[in-house]
Structures are given as structure tokens and as C-alpha cells.
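# Fold the stuff below for me.
(2 chains)
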Amino acid sequence: MDSNSVSCVVEARGLVREFATRGGPLVILRDLDLCVRQGESVCIMGPSGVGKSTLLHILGTLDEPTRGEVSILGRNPFEMTDGDLADFRNTDLGFVFQSHHLLPQCSALENVLVPTLVAPGTGQEKAERARRLLSEVGLSDRADYLPADLSGGERQRVAIARSLVNRPRILLCDEPTGNLDEKTASDVADCFVALQKREQVSLILVTHAPWFARRFDRVLHLKGGTLIPDGKSSAGLFPPGQTP
Amino acid sequence: MKRGFSTTRLVLRSLAHYWRIHLAVASATAVGVAVLAGSLVVGDSVRASLRRLALDRLGRIDRVLTGEAFFRQELTDAFSRACPAILVEGSVVDPNTGTRASRVNVVGVPAAFWTFWDAQAPWTSAGSFDVALNRALADEIEVDAGGEVLVRVQKPSAVSRETLLGRRDDTVATMRFRVARILPDEGAGRFGLVPTQQYPRNVYVPLRVLQRRIEREGRIDTILLPPLASDPQEILNRVATLEDMGLRLTERGGFVSLESDRVFLRRPEIEAAREASRDVASSSSLTLAYVVNAMRAGERAIPYSVVAAAEDAVVEEGHLLLNRWAADDLRAAAGDRVGLTYWVPGADDRLEERTTTLTIAGVLEMSDPLVNDALVPEFPGISDAESLSSWDPPFPIDVDRIRPRDEEYWDEYRAAPKALVSIQTGRSLWANRHGDATSARWREGTSVDDLRRALRARLDPARSGLAFQPVRDAALGASRGASDFGGLFVGFSLFILVSSALLIGILFRLNVDSRAADLGLLGAVGFAPRAIRRLMWMEGGVVAGVGALVGTLGGWAFAAGMVHGLRTWWVGSVGTPFVVLAVSPVSLIGGALGGWLVAMFSVWQTSRRVLRAHPRTLLEGGSASDRLAPGGRRRVAFVVGIASLVLGGATAVASLGASVEKQAILFFATGALGLTGCLAFLSAWLARPSAIRADRLRVTRLGMTGARRRPARSLLVAGLVSCAAFLIVSVGANRRVAGSNGGKQSGTGGFTLLAESALPLYAAIDPSRLEGGRAYRMRLRPGDDASCLNLYRAARPRILGVGDDFIDRGGFAFSGVLDPSPEEKSNPWLLLRRPLPDGAVPAVADYTTAVWLLHSGLGKDIEVDGTRYRLVALLARSVFQSGLMISEENFERLFPEAEGYRSFAIETPRGAGPRVARRLESEFGDYGFDAIEASETLNRLMVVENTYLSIFQSLGGLGLLLGTVGLALALARNLIERQSEFALMRALGFRLRTLVWLAVSENALLLVFGIAAGTVWAVVAVLPPLVARLARPPWIELSVEIAAILLFGLLAAGLCALVVLRLPALRALKRER
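Numbers count the residues shown, from 1 in each chain, chains lettered A, B, ... in the order given. Modelled structure (predicted):
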């Protein structure tokens, strides 16, 4: 990585991801490059099945690239030990999934607190932070509710609060509003943007909803396995001042 | 949330939320724990029952003093609360029907005997002719109280009947009694000194009456003692006299003589005499006196004379000294040759007449001190005769040969020897296994009291046959059992334990699979794999703990069920329904802990495999095994499969000529390799990508390829089923039945009959009674039954002494032979003649007896009563399982007091067995002769083995049931996961029965594969040893069992599929993932 990448909190160079199939390798990501700065919000768009989630999972260290380089906060996560990687995910990354993946046996507050079980800090501090996040997503009065008793939007907001509880520097979101109706999705989107600004996190979000994309600093399209800047956006593939 | 959120709280939440699957895991754990704890409790129960039985049959008897010969009853008075007794073997007959019971314990006791059990004597007076029988004996001869019985016992003889002076006629005493009472088979009714769980057959006779009938008034052979404060051996050493040891000091004819009731002095007695001589400062001389039929010089002869071999006779070997009377009668002088003609006991109890010619070295005057009646001990029937012609010896005499001159000699000189030879000459002519001296003499003037004291101080009563046996301690030691029943049942239940562990693995895996997304989420938010595993272990630990607790109660029930089985349908394995439940907390806790550990191992294994998957895969609800295995791994599985099958075949072939011990190892190796090979092939097939040609798409084929969706799960299920099938088929194929007429190399050795008598027989069995067959006599030293029919540990196994005819005959199959020469290889019995350099006695035993019951083996030593017996050969599944077999020569040297023959192996022409048996039992009925077909003996031994196999099979079947449950649960889980898929098919018009068949065919593949693999390799593994034994497995029964397993599995799968697929389709289609 060159000196320009110092300001990229998330950087990908020549990323390739292939899947083995009966008919031969299926290339999803093809020599993909990306750079995201601290505090920046980037939206990645594309039709279903193009590889948006695959890219996000790689950036979130939930999947490994076939080839290419990935740097997150100046480190290559795929060269870390299991323990370091777990700590990394726990304290530096936050992930919001399309399907919220709340633990059905835990209340809303407990679900927010799950990542704090393996993080440092006192129980008091963690509980206060969790309550505050729940309040910020408008669910302070639902703290003790089980996921089965929450609406789809409420569940997703719990998931958002969970992703921020350990104060990550990077937040990755995979179609967070994909399963929601328009009104709820809009509320969730607002929640996202507000929280991102307040928590000063770098946000990479995947969506196919154009109305969501307008709220981001940069919009990129995933096409043919690579990222193409949005024609309507003034932002390019790389942040201003960054060279490929 | 009132309390802080912690990992513990997360675990508790998960436990509560997923309670259904946890309940299933807990149940599987409970089964495993119940089986393990229950098996250990069964072992405890058997041990406790054996102990209870041992104490019951002894009452308060702690020790027993026994003698080889009868001793004074007054000796009893030296011990507090002791009871005199006569304990002998005999036979009992119903005089009205002729029904007979042989080898019955005849217990001659006074009223004091019953106080050991706080019971009352069944007879009113000591002199009454009332007896009591125990229930076992009464049932055998079908006699009730009030009936009559004849009791026959051997008349004891201090003089061995195998010597010239032992009486062989009139050896049986018959007594008629009235049965006063039938005692239950417990307490005093179960009295016996030999540890066995079999019911003894006892007849209790008033002591005084028995003493009178066997001509032993005031004499007993046993003292029963309760626990004593002081050491009884010290008391005995103080009060026992020479007379109690069968010795006497007599003062006559100018000598003080030490003589024995047995006629011959034993080596310890001779040594004691030598040593006592030093104390009394008077040397002793040994004498060996003998009766000769004739002394002949030229044409002249003297009938029926005594010749003495004396240490103090000054005469060379090969020479003799005549007394004046004999020299004059024979008109012989020094230098002349004299022939001595005499009887010696020969083979088949016949007397052989031998003649030895010696040279006259000189003539002793009649006043010579050695020409003395005192040199001759009391010879029964001779010494007390008034005249020579009134002799009543136990050998034939012709009174017509007796001349008046001979009667005159008798009148004047009695038994004074007419000739003397050196002690060496006498020993070479007349010494036998019972001794080589008839007296030790000291000259007149030697203080008899001093001599008595000196002799007594040097003679250990125990070495003279008067010894204490700590029967109570021995019984308690023996009740630990020859086999560890707890371990045995754990072995029997091993498959259930393995099934339980595999089922826990399946269920836990199902649990984890259903929560894959949750586990992926934890990984995504930063839980390290180690931390996730810890959560799984915590959950698993609590669930397994609950299961273990419940299983502990189940263990109680399992043990109760097993004990009930041992008392009823499995009673063949223990002989009598004596086992009662005895629960030990240690066993329950041990079983709970063991079962919990087994469950945790399954949890650990499962969690290890699952977390190999990438978090993304888990988030999507998949598992590591869902991915296509790379081609390389499939090739490896294929190669492993081929190699395992080839090796499995090789081990099967190798077991054809292997020893019994190696066959067991090769059997398991063949099974393990075969099943591994089959499962490796299945693994390779499951990992192959599904590809069905469009034109070959059928419902059944589609269903079968469904097994590939969860290859690890499918492999686990198929493995479980194949193990179960292997176990059930291989165990069933091993059930044994003896052939009706085995050959010479079979377990019967080619013998038709085996017989034993309660009383020893001295004469050979007349061959004409055997219809052209032949009887081989064996000597018997009674002891503990070391066969599988006796659960007690055999500390003193029975010992048979086999003659040269038996050894030369050969026969039987051997599982191992110790360093044989070429000759011994073709007839391993010859090893019994091989002297061993370190003095051990070569012995042959059955493999089962040696290895499993005496815990020894080929080439190892067994010590019995201070003698080392080395196992030089092991018989393979023979009729001689009850003890050790040694050569007759060694037997006679070790057990000179064991006379006659009591065990017989008989060959008869085909079909003549039952007839010959009846004939012999009739002829030798007075001796309690019992003959049984050899094949029946083998069958009785096999009943035990077959019962163990039945238990094994039953428990194996239970294990298979668990396997089927696992199969059904796996199927249910698969269906639930694919509910939306099946719902879609129903929406597309598939009928319910088609979908059920689709689901069942997936599991039918695994079921059929598992059963086929298990069955085929069970047959391959079992066939070589069956071929070697010329045994035929029960094919029909096995086929029925296999078909039942298959049917049951298919029904279970079908039922499960029917239940799941009946759930509303719409709900499944609408359900949010």
C-alpha cells in the first residue's frame, strides 16, 4: 500500500473473489479497488446477486478474498491470528445485517449488550451505553422486549444499536432496510445517518435503494465485479485527494 | 434488566429458549448415564449377593479345623463354642423309588451346629435316626418329610486302600433314616464350605449315629469354630496330641516305637523322630516291616512271614539275615539264596505277586533284640489274630499252606520278623507313595514322656493334616468374584454407551446447526472461536449435568431391570436366582460422572467441527460440511476405503489359523477395518456433487441424493446403524451349540461320557460293561469349581490326575501350547510328563478357566496351597473347565492321601452312551456314580456363554433402538429445515405419500447401507473362527433379526416423516428465515 493509503481506513486493492461451482470458478469480484476515509459514509449499490454482500463480508472479515489486498485501519485482517481477528471485529468493526440476526432468547437490551460480553469495561458502563444507544434509536421503552415481540423495524434498530455499542471505527451495513417497508426503512435510514455522524464512524453501506444512497458522501456502483463511481455524484471511486 | 448481562446469563437464556432440543440431549445423556451407572450397580449387586450368600451359608462359622484322618472329638472342648462334625461326600437314595442323588454333602453334626444360625436341631435326640434334607436335595430325589432315605458314605480307613494293608472290600456304610424335616435352601440349609452360588445338596445326620455306623465313635474329622478372641492355632498347638495326628508311642519288646495309624510314617514324622532323638539322647532306627507270602530256599518254603527292613540291621544290600527258626526250617545257611514272594498293589487295583531273591548274610539267634515282635506295627487283621490261620488281612491267603509249625511260631513269637534286610533293600522292594518306614524305634530306657514331648514339639499339626481353614475370610475373598460383573455389564452395555454418545453428538449437532446463524453472529461481533466454544460447553455441561442426574435415577431402574433379568430369563448365566439389588452411591456417582464426561466429549467434538466453518457460512445457516469437499479429499476417502477393505479381508483370512486369543483381536480388527472401509466409501459418495441426469430423475433417486445435504450427519447415522448391525449379527452368529458327537479334536475330546463318583473306586471298570468302549480313570483332589458355572473366585481349584493312558491317547483342541517338541506338538498332553527345571508342576487347563476365571495364561504359574502349577497347554472350549489337570504321577506325589479314582472319561460306540451310563450308574450306585453325556456337559457350559451373548444382544438391540431414534431425529431435523421446500412441492401438486417416500428413501439409503455393511463384515469377521470350530451359525434367526431391524428403521423414519410433513404448508412458505 502507498503513502496515500494512510488516510484510508478501509482500503482494497486488486480484490478478487471467486466461488467454485460445478461449471468452473465463478468470479464475483474482479480486481476491485476501494478506499474509505475516516468518518466518511460510502454507499455501494448494485442489482441483486452482483456481489455487494460478498464485498461487504470481505471488508467485514467475515469472508476471505481469493486474491488481492485488504487493509482496515492500516492492518491486513487476514494475516491476524484468530484471537486478534476476534478482538478486531469486536472493537473496531460494527456490522448490521439485512436479516437482523438478533438472538431470540435475549431481550432488546441484552442483544445490544452481546458484543460487550467479550469487550473490556465495567458492566455499569456497558449497560449505560447500551441504554443510551437504545434511546437514540427510539427503543428505550422496548429494552426488555424479546425479538419476537418487536416489529421488523424495531429489530433492525436494535441491530444498529448493537453494532455501535463497542464504539467501532468502521460500520458495515448489508441492506439494513432490505426487509422493511418504505416508511420503516426511511426511519431506519434516518437513524443510521444520525448515528453515523454522532459516533464519527466510517460507514460502508450496501443497498439497492436510490433514495437511501442520496444520504451518503459517496455512492459507488458494483458492476462487472468492480466499483464504478456514481455518475450523479460528485464523488469518485476514491475520495477527493486520493489517487488510484 | 435488574442484574448485569453476562455470559452466564446468556447461557441460561439459551438453555431456556432451546429447551426442546436440550431436553433431547439431556435424555440421551440420561440413557448413557443410566446404562453406565446401572452396569456398575449390577456389578455391586452381584458382589454383594455373593457375599451375602457366603455369609448365609456359614452363619457364625469363622474357621474350620479339618484333618486328613479322624481325630479325637475331645479336641473340640479346647475351643469355646466350637462344634464337632463329620463332613463327607456320599449319596442319598429313596429306597422306594430308587431315585438317587450323588455327590451329596453328608453333614454329621450335634445339636450345637444349629446355633450357628440360631436354629433348632431337626431331630429330637442325638441318637435318633431322623435326618434333615435341604430343599435342593429333597427336590432332586423327590422325597418329603416323613419319607425314608438311604445314605451311603465311605467307611474311613486310616490305612490307605492303595497299600497292601488297606482294606478294599466293605468300604461303604449304608444307613437308613427317616426324613424329619426339609430345610429351605438358605441359612443352615445352604451350609457348605466350598464357595459356589449353586445350591448344595445336604443331608444332616446326628453325629453320634454317623460315628457309630462308620465305626468312628468318639472321632470326628472337622471342628467348626465361631470367631475366637485368641488364636486357635496356638490353642491347637497346645492341646493336640500325637494321637490326634494319627501317631502313637508304644513301649514293648524292649523298644519304644513311634507308629502311625496309616501304617507308614510320613517324611515330616521321620524327620521329627530324628530330631527328637537328639533331645532324648537316644538314637532312633527306622523299620519297614512287610508281610511276604513265602520265603523259599530250594524246595522248602515258609508261608506268610514278616520280613523287616531295619536301619540297625547289620546286613548289606541284596542280602538278608534269617532268624534261627527260619534258617532251620529252610535248612539254609549263610551264602544260600532265599526267594521272597510278596504282593504289591498293581495297576487296576490288582495285587501283583513279585519275587526277589537275596543272599543269606547270616543267621540271628532268636534271642537277638531284632528278632522282636516290637519291630512290627499293628497290622489290621493280622496283629490281633489269635492264630496264623485266623488272619483276616485285606489280601488273599491260602490257609492250607499254613503248617502246625507256623502256628507254633505265631504262638511264641507272634509277628517277630523271620528275616531282616537293610533299610535300603526294604525301601527298594516295598516303599510306596505313602511312606517308606513303618516305625521309628528307640531302645528301652528312653523316657517315653520326654520322647512324646520332643516329638510333639517338632510336629506341626498342620503338616500332619490337622489344619485351620479361615473359611469366612476365604468366602468373603472369593465373593469378590471370578469375573468383574460390573465391568462385564459395562462391556455388554458398551454399544449403548457408544450409541448414546453418538446420539448426543447428533442431537447437539442438530442443535448447533439450527443455531448456526446465532453462532455466526457471535463470531461477527467479535467472539473468538474459543469463546464461542466455551459458551457451547457451558450449555452442554448444564444439559449433560441435568441428564446425568436423571440418569442416576435411571441407573437404579436399569440395574433393577438387569437384576430381575439375572433372576429370571438370564438365570442361566449365574446358575441360581440369588442376585438381589444392592445400590452403591459410589457406583451411581461414578456412572453419573462417567456418563457426563462421555456427553461432554460429544459436545466438544461437535463444537470443534462446527466452528471450523466461516462466520459467513454460519450466518447463512450453513455448516462447514455443507461445502463441496475438494476432489482431493474424496480421493483420499476412496483410497482409505480400498485399503481398509483389503486389510479387513487380510485379517479375516489371518484369523483362520490363529489361536483363540489372537482370533478375538483379529475379529475386532476385521470388523473395524471393514466398517471403516465401507464408511469411507460412503463418505466419498456423500461428498460428491449431486448430479442426476434429467432423464433419470426419479423420486427415489432424488430422495437418496438428499443424504448429501448434511454429509457429516448422514455418515454419523450410517455409522451408528452399521455398528449396531455388526454387533447383533456377530454376537448372534457366535451362539454355540455342541454337536451331538464331537470328534477327538472337539471340546468333548471324542469322549461320550464323563462320570464322577462320590466315593473313590479302586478297581478298574470292566471293559465288558462298556460295549467295546474304554474308560480312562482320573484321580480327583476336590476343590473349588473353576468353571464359568461358579461365580466365586476359585482359590483352590479342583485338580485331576490323568494317567498315562489318557496322556498317550491325546485328543482335544488346544488354543495354546508352551514350546512343544515335534512330538508334543502332535500330542500336547505329553507336556504333562515334562519335568520343569524350577520344580513347578506342569498342568493343563481350559482356556476359559485359565484366562478368565483363574486370571492366568499359557506359561504362567498358579499357586495352590503352596504348590506352583505351570500352564503348559490350554484346551480350547473343552469339557474340563472345572480345574487343573496334571499327570497321575505328580498327583500321587502331591496328594498321597487322595486315594482311588473319582473321575472318568469314557469312550463308547456310537449310540451306546445312554445305555452304558445307566449300566455303570446301576453297578456303582453305592459309590454315587453319576455319568453324563460329554456333549451335555459342554452344552451346560455353553449355556452360560450363550446367556452372556443373549444379554449382549439384548443390550445391543437397545443400542440399535437408540440408533434408530437418532436416525428419526436426524430425519425430522432435515425435514424441518426443508419444510419450505416440501411445502413448495405440495403447492406444486406432490402428494403427501410421495413426499413421505422422498424423505424415507433418503434415510432408507443410510439404513440399508448401515445394515448391509454391518452384516457383511460381521459375517466376514465371524466366519473364520466358526469354520475352525466346525460350527454353523443360526442363519435363519440372524436373517429374521436383520429384517426386523430394517423394518423397524423404515417404519420409524416413515412415521417421523408423516408427522413432520403434515404440518401446514402455508405457514412454512410464509415463515421468515
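# Point me to the residue of chain A nearest chain B.
Chain B sits closest to A:Asn90 of chain A, with a gap of 2.3 Å, by C-beta to the nearest C-beta. For every residue, glycine as well, the C-beta is placed using N, CA and C.
# near chain A at all, the helix or strand that contains B:Ser39?
B:Ser39 is part of helix B:19-58, with elements assigned from DSSP states H and E. No: judged by C-beta under 8 Å from any C-beta of the partner chain, helix B:19-58 stays clear of chain A, getting no closer than 10.1 Å.
# and B:Arg427, what does it touch?
B:288, B:309, B:436 (C-beta atoms under 8 Å, 6 or more residues apart in numbering or on different chains).
# Same list (the residues you listed) but as a markdown table, adding secondary structure and neighbour count.
Below are these laid out as a markdown table (DSSP: H, G, I helix; E, B strand; the rest coil; neighbours: other C-beta atoms under 10 Å in any protein chain shown):
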| residue | secondary structure | neighbour count |
| --- | --- | --- |
| B:Leu288 | strand | 25 |
| B:Ala309 | strand | 30 |
| B:Asp436 | coil | 20 |
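# ok, back up a step: can you list contacts of the helix or strand just after the helix holding B:Ser39?
Next helix or strand after helix B:19-58 toward the C-terminus (DSSP H and E): strand B:63-72. With contacts defined as C-beta under 8 Å, 6+ apart, strand B:63-72 is touched by B:75, B:86-87, B:156, B:158, B:193, B:216, B:218-225, B:228, B:232, B:236, B:241, B:243-246, B:261-262, B:464-472, B:897.
# coming back round to it: nearest to chain A among the contacts of B:Arg427?
Lowest distance from chain A to those (C-beta to the nearest C-beta) belongs to B:Asp436, with 88.4 Å.
# surely the closest one meets B:Phe264?
Yes: taking contacts as C-beta atoms under 8 Å, B:Asp436 lies within contact range of B:Phe264: 7.2 Å.
# The residue most central in space within chain A is in what secondary structure piece?
The geometric centre of chain A, computed from its C-alpha atoms, lies nearest to A:Leu172 (C-alpha atoms, centre = their mean), at 0.6 Å. For A:Leu172, the enclosing helix or strand under DSSP H and E is strand A:170-174.
# Show me what that strand is packed up against.
helix A:52-59, strand A:93-96, helix A:152-164, helix A:182-199, strand A:202-207 (3 or more C-beta pairs under 8 Å, 6 or more residues apart in numbering or on different chains; DSSP states H and E).
# Buried residues of the helix or strand where B:Leu1051 lies, list them for me.
Here B:Leu1051 sits within helix B:1035-1061, counting by DSSP H and E. By neighbour count with 16 or more other C-beta atoms under 10 Å in any protein chain shown, helix B:1035-1061 contains the buried residues B:1038, B:1041-1042, B:1045-1046, B:1049-1050, B:1052-1054, B:1056-1057, B:1060-1061.
# Which of these sits closest to B:Glu186?
Among those, B:Glu1041 lies closest to B:Glu186 (C-beta to C-beta), at 39.9 Å.
# Show the contacting residues for that closest one.
Applying C-beta under 8 Å, 6+ apart to B:Glu1041 gives the contacts B:728-729, B:732.
# what do you get if the cut-off is 6 Å, keeping everything else the same?
B:Glu1041 makes no contacts at all, as judged by C-beta atoms under 6 Å, 6 or more residues apart in numbering or on different chains.
# Now for residue 184, how many residues are close by?
Using chain A. Other residues lying near A:Thr184 total 17 when counted by other C-beta atoms under 10 Å in any protein chain shown.
# looking at chain B here, not the other one
By other C-beta under 10 Å, 11 other residues sit near B:Pro184.
# Grab the nearest non-local neighbour of it.
B:Arg135 (5.6 Å; C-beta to C-beta, 6 or more residues apart in numbering or on different chains).
# Would you check how far apart the residue of chain A closest to chain B and B:Thr7 are?
Applying C-beta to C-beta, to the nearest Å, the value for A:Asn90 to B:Thr7 is 14 Å.
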